[in-house]
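Visitor: 3D, please:
(one chain, ligands or ions: 1)
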Amino acid sequence: MSDGTDPLDTPTMTGDEILLAIFGTGDGRNDPYPYYEQLRSLGRYHVDGLMNSVVFTGHADCREALRNNKLGSGRDGDQTVNRMGDEAALAARAEMQRRGVERGRATSMLFLDPPDHTRQRSLVSRAFTPRRMEALRPIVAELTDACLDELEASDDRDLMTHLATPLPVSVISLMLGVPQADWPTIRHLVSAMVVSLEPAANAEQILAAGAAGEEATDYFTDLIAKRRAEPTDDLISGLIAARDADDELSEAEILAVTQLLFAAGAETTTNLIGNAVVQFSNHPDQWQLLLDRPDLMAPAIEEVLRYDSPVQIDGRQVLEPTSVAGIDLEVGQRVTTLLGAANRDPDVYDDPQVFRIERFADPGTEAVMSFASGIHYCLGANLARVEGQEMLAGLARRFPELRVEGEPTIMPRLVLRGYETVPLAW
Ligand code: HEM
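Guide: Purely as a prediction, here's the structure:
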């Protein structure tokens, strides 16, 4: 904590106070991990009075909640904890929703329940098979190299500006068929849009996110029309073909899927590589181990996902009476799964507070909770892994002496955890 007190030394905090510290204070957002442990020490779950939600920290309990189909995603897009905003922020969210309804915007799969979720997801998942993702690997490596050239030539040597932010947007743009000249515009819109995922976003940020969303809608409406007239082998053409063949995906749904891929896949992967480099700089022995043993690249990325997950929180809303971890849940009640806490569950991981890249070299190690579980399990998990591994491999090849110089600045966010700047030296 900023006064130098370790939150673990103040066991008098109640569960609500701990959650408030995590969500509502700079200390909690910068380093939520000691608070997660404090919450875990209070019991298996916590019913919080702030958000009227049952909060889980355990790996098995989070998985059980996320796999229980009597819990839904919360159609209003409000499934996490976005009741933290003030009245102006809530009004801005309502305004954003109203405009979306006015434009006939479809709900993306992230916020849908079966059967709509199943239909949308099965059409899109054809483009995300492990084989297709592996086929992208050399292209990701090439794009990484181009970013590293820019990083090397830059004055600021900022990882986020020159590699972590541009690369994931470029990869999704490439898959969708966005012309390269438009990638910078898309990057800018995506950054503005994802801010609205944060529970504590203010009215100004939410309205800016809404405006960026509208601009992105205009852009992709236009691109879809172009691909309809002249199909290519990109994902947008594929979705149009699927729609025309089965009349399964509406035009509005194609638009929703397109925007979701950017919203779900860009900043998360950006944060994966930012968080990775910060952890390796904090643990130089692990960086040296990776340089000595490049075969540990895949387990190393899993360990970054576990130790400092780019997505910290997920949630559901109860659709039918059910129970999770033996607790009876009522219809309408919220469930919050603290993924970052589940990843440090001592029942599942030995020495969970230790960053150790060999951990996942053991095939018996329990999978990370960073990509959630159940029907909404991250569609882009394999793509994120390929991108993370290729970016880290590129950095290791080009800059074996890599370290973070000075203090990286962390984003004031918690749902999506990551850094704004990571200045490097080599
Ligand atoms: C390290 C990077 C990533 C992390 C940590 C991550 C995490 C997650 C999580 C936790 C969910 C589940 C949300 C829920 O349960 O409500 C999710 C869903 C999703 N992710 Fe990712 N993601 C990452 C990268 C990507 C990438 C690269 C893409 C695609 C380009 C992607 C596309 C999606 C989609 C489409 C969904 C919705 C799936 C559904 O609702 O069925 N993600 N992701």
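
Visitor: which stretch of helix or strand covers the residue of the stretch 201-350 of the chain found nearest the ligand?
Guide: The ligand sits closest to Gly265 of the stretch 201-350 of the chain, with a gap of 2.6 Å, by C-beta to the nearest ligand atom. (Each C-beta comes from the backbone N, C-alpha and C, glycine too.) Per DSSP states H and E, Gly265 falls inside helix 251-282.

Visitor: Let me know the average pLDDT across that helix.
Guide: Averaging pLDDT along helix 251-282 yields 93.

Visitor: do the same with stretch 187-204
Guide: The average pLDDT within stretch 187-204 is 81.

Visitor: ends of it, how far apart?
Guide: Terminal residues of stretch 187-204 are spaced 20 Å apart (C-alpha to C-alpha, to the nearest Å).

Visitor: Just the buried positions in it, please.
Guide: Burial within stretch 187-204, assessed by neighbour count using 16 or more other C-beta atoms under 10 Å, is assigned to 187, 189-201, 203.

Visitor: which residues sit against it?
Guide: Contacts to stretch 187-204, defined as C-beta atoms under 8 Å, 6 or more residues apart in numbering, come from residues 23-24, 80-86, 88-89, 91-93, 96, 165-166, 169, 205-206, 208-213, 215-216, 219, 259, 262-263, 266-267, 413-416.

Visitor: Filter these down to the buried ones.
Guide: The neighbour count (16+ other C-beta under 10 Å) marks 23, 80-82, 84-85, 89, 92-93, 96, 165-166, 169, 205-206, 208-210, 212-213, 215-216, 219, 259, 262-263, 266-267, 413-416 as buried among the contacts of stretch 187-204.

Visitor: Backbone dihedrals for Pro423, both of them.
Guide: For Pro423, the backbone dihedrals (degrees, to the nearest 10) come out as phi -70, psi 130.

Visitor: Tell me, how many residues neighbour it?
Guide: Look at Pro423: counted by other C-beta atoms under 10 Å, it has 16 neighbours.

Visitor: ditto for Met369
Guide: The tally of other residues near Met369 (other C-beta under 10 Å) stands at 28.

Visitor: Let me see the contact set for it.
Guide: Each residue near Met369 by C-beta under 8 Å, 6+ apart is listed here: 59, 62-63, 309, 337, 339, 342-343.

Visitor: The same query, at a cut-off of 10 Å, please.
Guide: Neighbouring residues of Met369 by C-beta atoms under 10 Å, 6 or more residues apart in numbering: 58-60, 62-63, 66, 305-306, 309, 311, 314, 337-345, 348.

Visitor: Please list the members of the residues you listed that lie in strands.
Guide: 314, 337-338 (DSSP state E).

Visitor: now, which of the residues you listed lie close to the ligand?
Guide: With C-beta under 6 Å from any ligand atom as the criterion, the ones in strands among the contacts of Met369 include Asp314 near the ligand.

Visitor: from what I can see Ala381 touches Ile301, true?
Guide: No. Using C-beta atoms under 10 Å, Ala381 is not in contact with Ile301; the gap is 11.0 Å.

Visitor: Just want to know which of those two has more residues nearby.
Guide: Legend: neighbour count by other C-beta under 10 Å for Ala381 and Ile301, higher for Ile301 (26 against 18).

Visitor: Wait, that one touches Arg359, no?
Guide: No. Contact criterion C-beta under 10 Å: Ile301 and Arg359 do not qualify, at 11.6 Å.

Visitor: Among the contacts of stretch 187-204, which lie within helices?
Guide: Of the contacts of stretch 187-204, the ones assigned to helices by DSSP state H are 23-24, 88-89, 91-93, 96, 166, 169, 205-206, 208-213, 215-216, 219, 259, 262-263, 266-267.
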